[in-house]
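[1] Structural data only, the sequence is not supplied:
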């Protein structure tokens, strides 16, 4: 039986960007007819944590996917990278005016339930990352992981950062991405956590 996989990407956020590499990768993936999965795309999310999170959580509730792969562009990276966790910094409400007071803040971190080291075995050039970027990517990843945890949904969710794509790297990055998808599904079957 095919597994439902929700894949997300963001829109561009700078006027000089012609496209978002994460969205470009999902477009290339959609062209492939050889995948034995039920791929569901939520592309070109707004580059706004609240709006993007609302859209993804609504899609999770509608689709009830078996797996979630959120994707974002990381122009400074050379390889695909899978994020282990997402963090947010919170401030005490009484000190909202003094945002630069680290003693009045704390960091909350959530980690994927996926074994990322096992997930990337066999890939050509995929990195494990512990820095989701402190931008909309981390905000969305944290929101989705938090929603899954609060709702007691054991849906495996990962965030993949995608470098700038060009003719020289597209084929290899796409192959690694497909392997990650297949390993995600296979890994959960072997662990008995996927249904």
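    In hand now; what should we look at? All values reported here derive from a predicted model rather than from experimental measurement. Residues are numbered from 1 along each chain as shown.

[2] ok, and what's touching the lengthiest helix in the chain?
    Secondary structure of the chain per DSSP state H: the longest helix is helix 170-191. Applying Cβ atoms under 8 Å, 6 or more residues apart in numbering, the external contacts of helix 170-191 come out as 3, 5, 25, 28-29, 32, 35, 37, 66-67, 69, 79-80, 82, 114-115, 118-126, 156, 158, 160, 162-163, 165, 194. Yep, even glycine has a C-beta here, placed from its N, CA and C like the rest.

[3] Buried ones in that helix, by neighbour count?
    Across helix 170-191, burial judged by 16 or more other Cβ atoms under 10 Å covers 173-174, 176-181, 183-185, 187-188.

[4] next helix or strand past the helix or strand of the chain with the lowest mean pLDDT?
    With mean pLDDT, DSSP states H and E as the measure, the helix or strand of the chain carrying the lowest mean pLDDT is strand 85-91 (a mean of 82). Per DSSP states H and E, strand 85-91 leads on to strand 105-111 as the next helix or strand towards the C-terminus.

[5] could you give the angle of that following strand to strand 85-91?
    Orientation of strand 105-111 against strand 85-91 (axes from the mean of the first three to the mean of the last three Cα atoms, to 10 degrees) gives an angle of 160 degrees.

[6] which helices and strands does strand 105-111 pack with?
    In terms of contacts (3 or more Cβ pairs under 8 Å, 6 or more residues apart in numbering; DSSP states H and E), strand 105-111 is packed against strand 85-91, helix 136-150.
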